[in-house]
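**Q** Sequence and predicted model, in that order:
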Amino acid sequence: MNSKGKKNYWLITIATWLLIFVAWQIATSFRMVPEILLPSPEKVVSTFVKLSEYGYNGIPLWQHFLITMARLLSAVFLAIVTAIPLGLISGRIKIVYSIFDSIIQFIRPIPPLAYYTILILWVGIGETSKVVLLYLAAFAPIYLACISGVNRVKDDYIKSAESLGASSKQVFFHVIFPSALPDIFTGIRTAVGMAYTTVVAAEMVAATYGIGWMIINASKYLKSDVMFVGIIILGITGVVLDQILKYIERKIVFWSGR
Amino acid sequence: MEKIIEVKDLTLTYENDDKPTLNSLNLDIERGEIVTVIGKSGCGKSTLLNTIAGYLEPTSGEVLLNGEPVSGPNWKLGVVFQNNALYPWLNVADNIGFGLKMRHFDKETIDKRVTTLLEQVQLTDKRKDYVFSLSGGMRQRVAIARALANQPQLVMFDESFGALDEFTRNDIHDVILGLWKSLNLTFFIITHDIDEAIKLGNRIMIMTPDKTSQLKVVQNPYFNINSDNIDSNYMKFKNSILKQII
């Protein structure tokens, strides 16, 4: 995108959000929608301020936020350190692929809530079950991206490394791994998205804090303003996380697509 | 002359193929010569190169490098690919020094050799540039320098200049001939361009799909010809090659 195109893109994006905000303001000011279904922007802002000051259910809002992020990021971190090596090896060694791929393909389409109760029975009601649930959601996208990355490594890259004197191990670490990095990053971004959408589910059962729990808890008492605060926090954090990942990707995989 | 490569009764049949792609093929490459191989697409030129380079295992027969069988890819046999196969995550200097690094040479030796090669391919000022920022011709020079960094016995080119425009290709030809003269190298060049085969080859090998006699060797009186010296005899020579290919 050239600089003019970029400027237009941002103008259209800002205009879209302004339009959404104005429509929200009008709908609530003229009471077109009951407040219990759609609280006004002022109400949401004042609830946010109140939650920031006094917290929700005795726990400060930042603590709810941090625990959700801690669950999410620890699960994604675990998925990265396990799925990348396993995915790369599976992409390279057919026997490893035969062992793991069918298991991961079996788990991948199952909605996380379907096995959450089993996980609680297996690993307990505490943090572990929540992190494991998010981990399982994040694992498959990274694993599959690694396999795809390895399969897409140009044959000539490997052949030229071999004819330059590289051993199989050197080919793996100096050619296959960097070559697969663009796909790995795509997998990580997808994984963060998957884990993020699962975080509310993870905090639905047997949790007492977290943004997801706050939304679920507020819904029981029809506190739509609190729900909106939680949803907006999750939305903004999701966008920020994705932008951070995109930034890291641009720095590390600077050659991608060139 | 000392033989670097000896190809003896080389036959290669691909899996699920009933006919061999290479059939009882024999050829020698001597130290210090440039052998060009020309033929139509699909006649087996790249298969021949891949077998000599050790990427493909022959069905029967053998390839000897200095009298020793080639059993796999080997740093003594450098290869320059058509799409150059340079690593975009490395800069020019790191691409050229890649093989030396893999072979655990010390940093000083690598730096020294890279500097010399950059001078030889006239890319000294591009040392720190990433390869994706270079033109096609420059990339191909980096690929040549990378293949030469290991000081291989033979450097093979697999239709390496096919994607370049005519002017850039002429420049690369001059770089190759300059390196060959100054470093006493041995080259094995696969091409589908007859003019290129004539300009670069001390010896031209014509590869035909005819299974009984796949390689016809032609002595080349027009090696390193300047385009200003092209005359009717050159055209006759070129036509005779063309007829043999078809």
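**A** That came in fine, so what should we check first? Numbering: from 1, shown residues only, chains lettered A, B, ... in the order given.

**Q** CA only for contacts and neighbour counts going forward, please
**A** Will do.

**Q** Verify the contact between residue A:196 and residue A:238 for me.
**A** Yes: with contact defined as CA atoms under 8 Å, residue A:196 and residue A:238 form a contacting pair (7.5 Å).

**Q** for chain B, what are the nearby residues on the stretch 101-250 of chain A?
**A** Residues of the stretch 101-250 of chain A lying near chain B by CA under 8 Å from any CA of the partner chain: A:156-157, A:159-167, A:170, A:175, A:178.

**Q** Any regions of chain B where pLDDT drops low?
**A** B:209-214 (pLDDT under 70).

**Q** Residues of it that sit close to chain A?
**A** Counting by CA under 8 Å from any CA, chain B sits next to chain A at B:53, B:55, B:73-81, B:85-89, B:98-100, B:102-103, B:132, B:147, B:150.

**Q** how about the strands in chain B?
**A** B:3-12, B:22-30, B:34-39, B:60-65, B:68-69, B:77-80, B:154-158, B:187-191, B:203-207, B:215-219 (DSSP state E).

**Q** between the ones you listed, which one is nearest to residue A:117?
**A** Using CA to CA as the measure, strand B:77-80 is the one of those that comes nearest residue A:117, at 57.6 Å.

**Q** before we move on, back to that, can you list the strands of chain B in CSV and add distance to residue A:208?
**A** Shown next, in CSV, are the strands of chain B (distance: least, CA to CA, whole Å):
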stretch, distance to residue A:208
strand B:3-12, 69
strand B:22-30, 72
strand B:34-39, 75
strand B:60-65, 72
strand B:68-69, 71
strand B:77-80, 63
strand B:154-158, 66
strand B:187-191, 71
strand B:203-207, 77
strand B:215-219, 80
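
**Q** Serialize those to a markdown table and add fields for mean neighbour count.
**A** A markdown table is the format used below for those (neighbours: other CA atoms under 10 Å in any protein chain shown):
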| stretch | mean neighbour count |
| --- | --- |
| strand B:3-12 | 19 |
| strand B:22-30 | 19 |
| strand B:34-39 | 26 |
| strand B:60-65 | 19 |
| strand B:68-69 | 13 |
| strand B:77-80 | 29 |
| strand B:154-158 | 24 |
| strand B:187-191 | 24 |
| strand B:203-207 | 23 |
| strand B:215-219 | 16 |
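
**Q** thinking again about what came up before, between residue A:196 and residue A:238, which has more neighbouring residues?
**A** residue A:196 (25 against 16; other CA atoms under 10 Å in any protein chain shown).

**Q** Which helix or which strand is home to the more buried one?
**A** Counting by DSSP states H and E, the element that carries residue A:196 is helix A:177-204.

**Q** helix or strand right after that helix?
**A** helix A:211-220.

**Q** Show me what that following helix is packed against.
**A** When contacts are defined as 3 or more CA pairs under 8 Å, 6 or more residues apart in numbering or on different chains; DSSP states H and E, helix A:211-220 packs onto helix A:61-92, helix A:177-204, helix A:224-252.

**Q** For residue 166, grab the count of nearby residues.
**A** Let's take chain A. Neighbours around residue A:166, by other CA under 10 Å: 26.

**Q** Chain B, not that one
**A** Neighbours around residue B:166, by other CA under 10 Å: 11.

**Q** Distance of it relative to residue B:136?
**A** 12 Å (CA to CA, to the nearest Å).

**Q** how close does residue A:147 get to residue A:91?
**A** 4 Å.

**Q** what does residue A:222 give?
**A** Counting by CA to CA - residue A:222 and residue A:91 are separated by 49 Å.

**Q** Who has more neighbours out of those two?
**A** residue A:91 (24 against 13).

**Q** thinking the more buried one is in contact with residue A:153, fair?
**A** No: at 10.3 Å, residue A:91 and residue A:153 do not qualify as touching, with contact defined as CA under 8 Å.

**Q** so how far is the least confident helix or strand in chain A by mean pLDDT off the chain centroid?
**A** Averaged element by element with mean pLDDT, DSSP states H and E, chain A has its least confident helix or strand at helix A:112-123 (a mean of 87). Relative to the centre of its chain, helix A:112-123 is centred 20 Å away, using CA atoms, centre = their mean, to the nearest Å.
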